[in-house]
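Enquirer: here is my input; please provide its structure:
(one chain, ligands or ions: 2)
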Amino acid sequence: MPALTQLAVTFPALTAIIAVRYMAVAGLAYWLVWGPGDRRARGRQLNRDRPKRAVIVHELTLSVFSSWIYAAPAACAFIVWRQGGTRIYTDVSRYGLVWLFVSGAAYLVIQDAYYYWLHRVMHHQALFRWVHAGHHRSREPTPFASFSFDWAEAALNAWLLPALTFLIPVHPAVILMLLTLATIAAVLNHAGAEVLPNWWLRGPLGRWLISASHHSLHHSHYGRNFGLYFRFWDLLMGTDMVPRLEAP
Ligand SMILES: [Zn+2]
Ligand SMILES: [Zn+2]
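Expert: Numbers count the residues shown, from 1 in each chain. Ligands and ions are numbered 1, 2, ... in the order given. Predicted structure coming up:
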């Protein structure tokens, strides 16, 4: 099949997969956190008010555009892979079992570092309005904010993972795991409530990993907590703001 025909099929298919994955995970999280019943039983409330309809509509609209933008470089990498390019491999024995973990960790660390610095640049006053204001329209985010980016922010983020597949050997199962992790982390971090227990947040995991308590502070204090997965860069650069936790 010619590459252009493949692109015409792969691009909308990936857009649909990305959009459906986002809607399913964010929708489920929204229902669990903000659905009927006693919300306090489901986690510590981080938002003061119930999410407003206008905020959710805005988050959903940007997320649909983000799905298109994320699908474009992913579709290109997919087609190149099917034609024998990229460093995606399917035979696990080629690099061994340990490499599955090493490559996964390498991708996470690179994505995290890239996002921290990109995020700081996007907060520069000359750029913020054009690339990042859309995400910050959600001062009290809902799970649907996890993918609500201005088109420029989406484009600046979307190319990284497909580009890395040309540099660092990676198994499709690791890519799937990374995408799943990214979706769950983003949805939890924008849930508007902290579902993780205090022992987690106070322990070594909470001290090094980003949580809803940590990221929600970024939505109210723009100059702090820029990280994606790890607090490492925030701690190193002095931008880390420690979430205040309730007594156990
Ligand atoms: Zn920001
Ligand atoms: Zn956010």
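Enquirer: I'd assumed residue 116 was in contact with residue 227.
Expert: Yes - counting by Cβ atoms under 8 Å, residue 116 is a contact partner of residue 227 at 5.4 Å. All C-beta spots, glycine's among them, are computed from the backbone N, C-alpha and C.
Enquirer: spit out the residues that contact those two alike.
Expert: Common contacts of residue 227 and residue 116 (Cβ atoms under 8 Å, 6 or more residues apart in numbering): 233, 234.
Enquirer: list the pairing partners of the worst-scoring helix or strand of the chain on mean pLDDT within its sheet, with orientation.
Expert: In the chain, the helix or strand scored least confidently by mean pLDDT, DSSP states H and E is strand 44-45, which has a mean of 78. Strand pairing for strand 44-45, using DSSP bridges, gives strand 193-194 (antiparallel).
Enquirer: how far does stretch 78-92 sit from its chain's centre?
Expert: Computed by Cα atoms, centre = their mean, to the nearest Å, the separation of stretch 78-92 from the middle of its chain amounts to 24 Å.
Enquirer: now it: average pLDDT?
Expert: Throughout stretch 78-92, pLDDT has a mean value of 94.
Enquirer: now residue 163. Nearest residue, chain neighbours left out?
Expert: Once flanking residues are discounted, residue 163 sits nearest to residue 73: 7.4 Å by Cβ to Cβ, 6 or more residues apart in numbering.
Enquirer: gap between the one you found and residue 159?
Expert: According to Cβ to Cβ, to the nearest Å, residue 73 and residue 159 sit 5 Å apart.
Enquirer: residue 109 too?
Expert: Taking Cβ to Cβ, one finds residue 109 at 18 Å from residue 159.
Enquirer: equivalent analysis for residue 238, please.
Expert: Residue 238 is 29 Å from residue 159, by Cβ to Cβ.
Enquirer: who has more neighbours out of these two?
Expert: residue 159 (17 against 7; other Cβ atoms under 10 Å).
Enquirer: contacts only, for the more buried one.
Expert: By Cβ under 8 Å, 6+ apart, residue 159 lies in contact with residue 73.
Enquirer: what's the distance between it and residue 232?
Expert: Here the criterion is Cβ to Cβ. By it, residue 159 lies 23 Å from residue 232.
Enquirer: got it, and residue 52?
Expert: Taking Cβ to Cβ, one finds residue 52 at 34 Å from residue 232.
Enquirer: more crowded one of these two?
Expert: residue 232 (16 against 12).
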